[in-house]
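# when you get a sec, could you give me coordinates for this:
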Amino acid sequence: MPTALSPVTASDHWTAAHGFLLFDTAIGRCGVAWSERGVVGVQLPEVDDRRTAARLLANIPGVARESPPPAAVRAAVDCIVALLSGEAVDLSFVVLDTDRVPVFDRRVYEAARLIPPGATRTYGEVAHLAGARREARAVGQALGRNPFAIVVPCHRVVAADGRLGGFSAHGGAETKRRLLAIEGVSLPTAATLF
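As a prediction, this is how the structure comes out:
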């Protein structure tokens, strides 16, 4: 069994078909849902637990029940909690169930997962890494649909002019700025751009 901050090995199996869990972090209660193939969703805090769970489960196939997570999900949750507490934690070990994710979005998410904590990339840079050099706008749209918040660190993708760009989580750009600040990234405010 992995420790709280160790990667999951190939011998760690998913033990529950569909389940979800709400868990406490430094920014509020987040959620994670899983299938027998991996994590199918990660949700940042909403206004309350009911809304967090509803948004988490809105696009998940099948019936997910709140339940204790398998070891692989528990390790992912522990690392998300650590990351949101300011630790530089690598979440690349988290297995994602991307069966229902469009191919282009998968490529974008794989590219975004290469951005380490404390760093940012532009939408154009992520487009280039995803093999879609001139598709920065499409990258932004794919990141706006990201069902794996934090694990696919869409908050680390910013506009080419230094602005934050969009963010679809509750709180919008301010939540994005807060997540980046937790990781030690300081971005200019609108007043310093001109």
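# okay, now the domains of the protein?
Following automatic domain parsing, the chain resolves into domains at 1-100, 103-185.
# how about the ones you listed in a markdown table, adding mean neighbour count and mean pLDDT?
Using the backbone N, CA and C atoms, a C-beta is placed for each residue, glycine as well. Shown next, in a markdown table, are these (neighbours: other C-beta atoms under 10 Å; pLDDT from 0 to 100):
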| stretch | mean neighbour count | mean pLDDT |
| --- | --- | --- |
| domain 1-100 | 17 | 84 |
| domain 103-185 | 19 | 94 |
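# angles on the backbone of Ala111, please.
Backbone torsions of Ala111, given as degrees, to the nearest 10, read phi -70, psi -40.
# name the nearest residue to it, ignoring sequence neighbours.
Distances taken as C-beta to C-beta, 6 or more residues apart in numbering put Leu129 closest to Ala111, at 3.7 Å, once the chain neighbours are dropped.
# isn't that neighbour right up against Ile115?
No. Using C-beta atoms under 8 Å, Leu129 is not in contact with Ile115, being 9.1 Å away.
# can you tell me how far Ala127 is from Ala138?
Distance, Ala127 to Ala138, using C-beta to C-beta, to the nearest Å: 7 Å.
# name the residues contacting each of Leu129 and Ile115.
Arg121 (C-beta atoms under 8 Å, 6 or more residues apart in numbering).
# from the middle of its chain, how far away would the helix or strand containing Gly31 be?
In the assignment (DSSP states H and E), Gly31 maps to strand 28-35. Distance of strand 28-35 from its chain centroid, counting by C-alpha atoms, centre = their mean, to the nearest Å, is 10 Å.
# report all helices and strands that it contacts.
Judged by 3 or more C-beta pairs under 8 Å, 6 or more residues apart in numbering; DSSP states H and E, the packing partners of strand 28-35 are strand 19-25, strand 38-43, helix 49-57, helix 71-84.
# contacts for the next helix or strand along the chain from the third one, please.
Downstream of helix 49-57, the next assigned helix or strand under DSSP H and E is strand 65-66. Residues external to strand 65-66 that are found in contact with it (C-beta under 8 Å, 6+ apart): His18, Gly19, Phe20, Leu21, Leu22, Ala53.
# so the fourth one makes contact with Pro70?
Think Leu21. No. Checked against C-beta under 8 Å, the pair Leu21 and Pro70 is beyond contact range at 10.4 Å.
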